[in-house]
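A.B. asks: Just need the structure, nothing else, for what follows:
(3 chains)
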Amino acid sequence: AQSSVTLFGVVDAAISHYTARSEFYNDSGRIMPPPANGNAVTRTQTVLSNSANSNSRLGLRGTEDLGGGLAASFWLESPLANDSGAGGLTSFSRRSTISLSGGFGEVRLGRDFTPTFWNDSVFSPFSTIGVGANVISTVGTNLAIARGPGSAVAASDNYLRTSNSIGYFLPPNLGGFYGQLQYALHENVAQSGLPGSPTRKGQFAGGRFGYASGPLDVAVSYGQSTAADATAVNALGLPTGVGANEKIKTFNLGASYNFGVVKLFGELSRVKDQSTTTAPSGLGTLLVARDVDKYNGGLVGVTVSVGSGLIKAAYSRVKFDNDLGPLATPFMPRRDASVSKFAIGYEHNLSKRTALYATVAWIRAKDAQNNAAIIGAATGTAPYLSTGAAGGSGYAPSRSTGYDLGIRHVF
Amino acid sequence: AQSSVTLFGVVDAAISHYTARSEFYNDSGRIMPPPANGNAVTRTQTVLSNSANSNSRLGLRGTEDLGGGLAASFWLESPLANDSGAGGLTSFSRRSTISLSGGFGEVRLGRDFTPTFWNDSVFSPFSTIGVGANVISTVGTNLAIARGPGSAVAASDNYLRTSNSIGYFLPPNLGGFYGQLQYALHENVAQSGLPGSPTRKGQFAGGRFGYASGPLDVAVSYGQSTAADATAVNALGLPTGVGANEKIKTFNLGASYNFGVVKLFGELSRVKDQSTTTAPSGLGTLLVARDVDKYNGGLVGVTVSVGSGLIKAAYSRVKFDNDLGPLATPFMPRRDASVSKFAIGYEHNLSKRTALYATVAWIRAKDAQNNAAIIGAATGTAPYLSTGAAGGSGYAPSRSTGYDLGIRHVF
Amino acid sequence: AQSSVTLFGVVDAAISHYTARSEFYNDSGRIMPPPANGNAVTRTQTVLSNSANSNSRLGLRGTEDLGGGLAASFWLESPLANDSGAGGLTSFSRRSTISLSGGFGEVRLGRDFTPTFWNDSVFSPFSTIGVGANVISTVGTNLAIARGPGSAVAASDNYLRTSNSIGYFLPPNLGGFYGQLQYALHENVAQSGLPGSPTRKGQFAGGRFGYASGPLDVAVSYGQSTAADATAVNALGLPTGVGANEKIKTFNLGASYNFGVVKLFGELSRVKDQSTTTAPSGLGTLLVARDVDKYNGGLVGVTVSVGSGLIKAAYSRVKFDNDLGPLATPFMPRRDASVSKFAIGYEHNLSKRTALYATVAWIRAKDAQNNAAIIGAATGTAPYLSTGAAGGSGYAPSRSTGYDLGIRHVF
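C.D. replies: I've put the predicted structure just below:
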């Protein structure tokens, strides 16, 4: 055992209240009778939540100086559901890595954050948590859960984190430039003579490059997750299948500028969920139809220091651009959706490690029925009513408000 | 990370042997042939058990002095099944809290013991564990498991502990008076226009108030757990349902008096499991039938210090008073039950932290067939035979003996 | 809490590549058409693996000096799947014990390694892990999983470890002699008047005795695991059933001799999987047929120190001797199988605690179709193709290669 093993963590708890209003929509083109439950249904919930200001966690990390500038280190970090204690240390799903670092930078093996996640988090005043969470992150998480490759550790994998990854980080002494690359193995089995083998489902590759000096911090990242991979092959030996070869491609750019008392934040994000439908044409050729759904997001935010407190405000927005497919005509109705959130909060620091905080957030969603599972029209875990489907009728989440009133302690 | 994070725990293991004797009963009013397995069936089991003297556990806790008498603290504590290692740190189900304390007392958020649990534990020489466990606690646990609201963390919730709770503790400087209040959120969703929404199932509210000074310690507690809540509504908008609106109401009073070598313990407990059956009468009115089952318990105990050892003895008893309902007549047979336990043990302290111990306990149950799942007629996990139901015939647990022979180490 | 609680662990990660070749076999005695997938199918997989040089783990242990040579101690140790973080500290399945030790030796209660496991591990240059793992251990693990009593903690229980065990260890001052005994309780319930009750399934009893002095270390061990136990009883009150009373009996002998730069290793192992099939003969007597499958194994290995590095090489082999039953004739075809592995590796120590390592291993299996699940014809988790059954036709694993390229850090 070594003396440099550090036990660290965060315990964060809040009283949270969520309100989610769903409105009746009718995109069916037919006249509908008035809905039985009225034009709007509101659901509310009050909970003891965790991690509304900082993610509750428990971790161990350590570093060994190997001499000559070389070091070996490990990092094991688990989330904490401290409102109920549930889950305990069931998984080091926040991070689980071993590293070798030196003048060349750092090579890191294991489970780690994706490079593309960082801009959603560090250039957002409320990071990606609590009712004020960056809505770009909410949509990114939902997209990974709904369309991503899935994972035994977390359904949101390849958005927030990857398992089985090999990471490389530039050394810290590059005059403010920083950067990282990450590749996550798909670990699928290849079999001789089996076309389409191995599937690359689960693979991730991406990087991030930035510059931080004085008041300025700016970074750009790109990553590509293989959400599905065609394994079926037709008589011609060509891949075939509906929605096959699905890739989620994320590009984002974030920056912050610290004027002293006031700090500004901004982010632009462009996520493409792209898949290919392939079918034999009957003439010995293949028809390949590409479907590219887009999620374009942006955030502007500010924090203002007031004594031992910090005021935070942020506006974030995502526009879903629904690709209607190769047969779409200009006469077809659009099936897009959008979500925007405004959040304001105050953090009162009792010490460097302990703070009381309050956050309020308002969400407005448009045409959420066209992508209710992903567009994320809810503060916190607000349990909105969502019925029907795109092109039909039903209730779709339209507005949500939420507040967190809590305490956060770092140890 | 802070230097004041404390890793603490208990590892307790014992060789335990349980014997459970079930006897044939015939409450059917009809003549029955002799049972195939004889008038009594005895089951025995020898196991390596954990937590027969003190609950095996592993925890982390820390406190930060915020100045001005204010402090922030956290406490994460997991049970340990050290006989097999199973479960590891799967859940901080023993306690998972963050607190802010000061001259005003302490506000505590998260998962914690209920106020009503403490008297069952601290005023019992064998606490609530091992073969000598206070039988009031055995019945309370079984009642929560069988009739309580249930929980993702532990089926016994709202008896022993609650999740999502807000607690308040009086400050320690009140001349011996101490006290606490606890409210646990039900966290259920309310929907506009939906009668009976939200259900309050899972909610807990309670408190404890006591006085400890010199040799005397005395405390009283009361708590109410919402085990079920009617959500069905009839045509008149009134709640309807069988066994709806179920509440478990616990009141107890405990005391100990330390004469020096000899310390006396006593407890009185009254638990009501009360539910309402509502039905429309057909005349536009509602028939409301209330069912109130009672569990009345008591304990007397003593410990005697002998050198570095401690002799313990306790007698505890619970009487189940079965409410036969509003249509009951004095001519109907009673369906009550009772259980009593006598336990004697010796604890040999090898140090302040390490002890060898031996406990023997005898249980006698009467009419256990009327409430076999709850009346708890078994030492340890003795696997008694229980067949048939109240008013029928079968085997019911009648006697159980058990011993624990173990070692306990605190770190 | 005590200052002597030690947090310790290992984080070990590797890039591993596995190749598994399966060949077509035809034991059916009939002429078969050529297989559709060809005479051989090769599967490959590249993964980020953990524990290829030392088992990743996280543990806590502590000792309290009780005076007079007496000490109390505990040990809680969890495995780590640090490639994905999955599992966290879900189970202290590596070890979970409390001990009392003194001049008499040590009494240890809880979950611990079996005595019979140690020779497979300590007298193997690659221990029992990574692609170079002792193949005797691979077969022992597979046999426990396929035929053993099973366990809630690990399917391989009673080979590698037992829960609910009572262990005794000789004191360390016996002039080089060392030894241990272990008994694991079956914990099954006995019922009065129920023949065959309790079943002893899950019970383990064994011991190990050795001598280590100067360059020599030699040890012998024997253990017996009750994998199944007859509970059915015929009209005569005698046990009956197919494959009942199954016991896995393990005997092994290992030694190492350290010449300084060069260290030699050797092991011999004999495992019997023995069961009884009992049936009434119709004449009031019982026909008892015994089935004794044998697994005979051996290992020779060497390590060579080169500066701060260590070269390792090992050859291990297991021969499966299939008992064809009491009705077998010399004219029946044999249904045996065998596996052999050669592994070579290099460990480069960056410090006492941190090493880079590379291992390559080759496996050759013969007639694996006769026991594919147990004979273990794969490096690492190489996903070989295995179809058909003994006496039929299909694909059976024949060759496997694998490499691990990794880093190991002890803390």
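
A.B. asks: use CA for all of it now, contacts and neighbours both
C.D. replies: Will do.

A.B. asks: burial measure for A:D112, as a count.
C.D. replies: A:D112: 26 surrounding residues under other CA atoms under 10 Å in any protein chain shown.

A.B. asks: Assumed it was part of a helix.
C.D. replies: No: per DSSP: H, G, I helix; E, B strand; the rest coil, A:D112 lies outside any helix segment and is strand.

A.B. asks: where's it relative to A:T162, distance?
C.D. replies: 6 Å (CA to CA, to the nearest Å).

A.B. asks: what about stretch A:393-409, distance to the chain center?
C.D. replies: From the chain centre to the centre of stretch A:393-409 is a distance of 17 Å (CA atoms, centre = their mean, to the nearest Å).

A.B. asks: do that stretch and chain B meet at all?
C.D. replies: Yes: contact of stretch A:393-409 with chain B (CA under 8 Å from any CA of the partner chain) involves A:H409.

A.B. asks: Can you pull out the low-pLDDT segments for chain A?
C.D. replies: Confidence mapping of chain A against pLDDT under 70 gives the ranges A:1-3, A:231-243, A:279-286.

A.B. asks: Now for A:G260, how many residues are close by?
C.D. replies: Other residues within reach of A:G260, judged by other CA under 10 Å, total 9.

A.B. asks: To clarify, my last question referred to A:Y315.
C.D. replies: Other residues close to A:Y315 by other CA under 10 Å number 24.

A.B. asks: can you list contacts of stretch A:378-389?
C.D. replies: Contacts to stretch A:378-389, defined as CA atoms under 8 Å, 6 or more residues apart in numbering or on different chains, come from residues A:18-22, A:41-45, A:130-132, A:361-363, A:369-370, A:372, A:393-397, A:399-402, B:189.

A.B. asks: change it to 7 Å
C.D. replies: A:18-22, A:43, A:45, A:130-131, A:363, A:369-370, A:394-397, A:400-402 (CA atoms under 7 Å, 6 or more residues apart in numbering or on different chains).

A.B. asks: can you tell me how far the residue of the stretch 301-411 of chain A found nearest chain B sits from B:V5?
C.D. replies: Nearest residue of the stretch 301-411 of chain A to chain B (CA to the nearest CA) works out as A:F411 at 4.6 Å. Separation of A:F411 from B:V5 (CA to CA): 7 Å.

A.B. asks: same deal with A:Q180?
C.D. replies: Where B:V5 is concerned, A:Q180 sits at a distance of 33 Å (CA to CA).

A.B. asks: and if you look at A:D323?
C.D. replies: As judged by CA to CA, A:D323 and B:V5 stand 53 Å apart.

A.B. asks: circling back to that earlier point, neighbours around the residue of the stretch 301-411 of chain A closest to chain B, how many?
C.D. replies: By other CA under 10 Å, neighbour count at A:F411 equals 22.

A.B. asks: do the same with A:N82
C.D. replies: Residues near A:N82, counting by other CA under 10 Å, number 34.

A.B. asks: Just list the residues touching it, thanks.
C.D. replies: So A:N82 contacts A:11, A:50, B:96-97, B:110 (CA under 7 Å, 6+ apart).

A.B. asks: Just the buried residues of stretch A:256-265, please?
C.D. replies: Neighbour-count burial for stretch A:256-265, with 16 or more other CA atoms under 10 Å in any protein chain shown as criterion, is recorded at A:256-258, A:263-265.

A.B. asks: Pipe these into TSV and attach distance to chain B and secondary structure per row.
C.D. replies: Formatted as TSV, the buried residues of stretch A:256-265 follow (distance: CA to the nearest CA, whole Å; DSSP: H, G, I helix; E, B strand; the rest coil):
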residue	distance to chain B	secondary structure
A:S256	27	strand
A:Y257	28	strand
A:N258	26	strand
A:K263	27	strand
A:L264	29	strand
A:F265	28	strand
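
A.B. asks: can you count the residues close to the residue in the stretch 51-200 of chain A that chain C sits nearest to?
C.D. replies: Closest to chain C within the stretch 51-200 of chain A is A:S91: 3.6 Å, counting by CA to the nearest CA. The tally of other residues near A:S91 (other CA under 10 Å) stands at 28.

A.B. asks: What does it show for phi and psi?
C.D. replies: Backbone geometry at A:S91, expressed as degrees, to the nearest 10, gives phi -160, psi 130.

A.B. asks: can you map out the strands along the stretch 251-400 of chain A?
C.D. replies: Taking DSSP state E, counting those that start in this stretch to define them, one finds strands in the stretch 251-400 of chain A at A:262-280, A:286-306, A:309-321, A:337-349, A:354-366, A:393-410.

A.B. asks: Output the set of residues of chain A in proximity to chain C.
C.D. replies: A:1-2, A:66, A:89-93, A:95-98, A:109-111, A:153, A:163-164, A:185, A:187-192 (CA under 7 Å from any CA of the partner chain).

A.B. asks: Just the buried ones from those residues?
C.D. replies: The neighbour-count criterion (16+ other CA under 10 Å) marks A:66, A:89-93, A:95-98, A:109-111, A:153, A:163-164, A:185, A:187-191 among these as buried.

A.B. asks: where does chain A come near chain B, residue by residue?
C.D. replies: A:7-8, A:11, A:13, A:41-48, A:82-90, A:350-351, A:411.

A.B. asks: Surely A:D120 is within a helix?
C.D. replies: Yes: looking at A:D120 with three-state DSSP, it is inside a helix.

A.B. asks: follow-up on the earlier one: let's see which of the buried ones among the residues of chain A next to chain C end up in strands.
C.D. replies: A:66, A:95-98, A:109-111, A:163-164, A:190-191 (DSSP state E).

A.B. asks: how much space is there between the residue in the stretch 301-411 of chain A that chain C sits nearest to and A:R61?
C.D. replies: Of all residues in the stretch 301-411 of chain A, the one sitting closest to chain C is A:F411 (17.4 Å; CA to the nearest CA). Distance of A:F411 to A:R61, computed by CA to CA: 13 Å.

A.B. asks: mind saving the C-alpha coords of stretch A:312-328 as CSV?
C.D. replies: Extracted C-alpha coordinates of stretch A:312-328, given in CSV (Å, rounded to 0.1, in the frame of the first residue of the first chain):
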residue,chain,number,x,y,z
LYS,A,312,-25.2,31.9,-12.6
ALA,A,313,-27.4,32.2,-15.7
ALA,A,314,-27.5,30.3,-18.9
TYR,A,315,-29.6,30.0,-22.0
SER,A,316,-29.3,26.8,-24.0
ARG,A,317,-31.1,25.5,-27.0
VAL,A,318,-31.3,22.5,-29.4
LYS,A,319,-33.0,22.4,-32.7
PHE,A,320,-33.8,18.9,-34.1
ASP,A,321,-33.7,18.8,-37.9
ASN,A,322,-35.6,15.7,-38.9
ASP,A,323,-34.4,14.1,-42.2
LEU,A,324,-37.5,13.0,-43.9
GLY,A,325,-35.6,10.7,-46.1
PRO,A,326,-34.7,10.5,-49.8
LEU,A,327,-38.3,10.4,-51.0
ALA,A,328,-39.3,13.6,-49.1
